[in-house]
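Undergrad: below are the sequence and a predicted model; questions follow.
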Amino acid sequence: MYKPSYNNMKPILVLEYEMPGKLYGVSVGPGDPELITIKAKRRIESSDTIAYPVKAHGENSTALNIVKKAMDLSGKRIEEILFEMDPDPAVRESNYQSAIKKTASLLDEGDVAMINLGDATVFSTYMHISMDIFKMGYKTETIPGVTSFCSGAAEAKIPLVIDNEGLAVVPMTKKNDLVFRALRDFDNIVVMKAFNSMKILASMLDLSSKYLQVIIKTYWNIHPTIMCSKLFDIVSTKTCIVGCMHQVIITGNPSVLWNTYGRKDPLHRSGARRPGADNSQRKKSH
């Protein structure tokens, strides 16, 4: 069998090209500038460019407003990354690819800190960008932060989960199937992207809305408002149907109600009063 001779072979110099910039997904918390972590602040200050996602040119950025309250951005390069939404999937994809190209071009000039509300790993556009930018050969890093629902529970002085309870974090969707399953299977639920769906959510809870403790966190500009009450009462007084973003935390074991009445979905529960001890109530943690 032929064996090649390596005695006269010259060494080959292999050059690895390293992308000049690194993409940082920086979480800036739920609204209070004091909840921005030390690491997030340091990374924003050290990056060459601060990027923030928007859905329209010139759109106000809540994340950027939070950062401006936490640190001096004088002299910093600040760039919006447009993720324009369109009913046509082909147009949306084209817009997304344009956003990726702009991000890559910024990375060719240095490090980029892309700022995100709450935590960057929770329902953020950044995670899509991060995966595609990584595939292109750029380095990426995600810096965690305080989530809106953790902040909301803390401000309302109640635990999200305690002892052996479970927690589901689901978005409010058109079909609401995720919310249905969460109501059936979990003790505590966080409903994200609720927007103007409070009445729908209240009808889904039906009897639960009379017993369960509900926290609603509303953002108007950058000023979060916490309301801790029964969802039935909130909707009936039309208190929290406005604002630019809603996050709802439902605590008190909704799955007990679901299983007690044995319905396929909470929209078709009977009007019967809940029997037995009121074990849906939980003590506040102060």
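TA: Looks like it came in fine. Residues are numbered from 1 along each chain as shown.

Undergrad: next, count neighbours for residue 161.
TA: Burial measure for residue 161: 13 neighbouring residues, criterion other C-beta atoms under 10 Å. The way it works is simple: take the backbone N, C-alpha and C, and place the C-beta from them, glycine included.

Undergrad: how close does it get to residue 188?
TA: The gap separating residue 161 from residue 188 is 6 Å, by C-beta to C-beta, to the nearest Å.

Undergrad: now do residue 114
TA: Going from residue 114 to residue 188 by C-beta to C-beta gives 31 Å.

Undergrad: what's the overlap in contacts for residue 161 and residue 188?
TA: Here residue 161 and residue 188 have residue 167 as joint contacts, going by C-beta atoms under 8 Å, 6 or more residues apart in numbering.

Undergrad: spit out the contact partners of residue 112.
TA: Taking C-beta under 8 Å, 6+ apart as the contact definition, residue 112 lies against 21, 22, 23, 24, 47, 48, 49, 50, 51, 103, 106.

Undergrad: ok, residue 81 next?
TA: Shown in contact with residue 81 (C-beta under 8 Å, 6+ apart): 51, 52, 53, 54, 99, 102, 103, 114, 129.

Undergrad: is it in a helix, a strand, or coil?
TA: Classification of residue 81 by DSSP: H, G, I helix; E, B strand; the rest coil places it in strand.

Undergrad: could you check the pLDDT of it?
TA: Listed pLDDT for residue 81 reads 96.

Undergrad: please enumerate the strands of this protein.
TA: 22-27, 49-54, 77-82, 112-116, 139-143, 167-171, 188-192, 213-220, 223-229, 245-251 (DSSP state E).

Undergrad: just give me the lowest mean pLDDT stretch among these.
TA: strand 223-229 - the lowest mean pLDDT of these, at a mean of 52.

Undergrad: tell me how this protein divides into domains.
TA: Domain segmentation of the chain under automatic domain parsing yields 22-146, 149-268.

Undergrad: no further questions, thank you.
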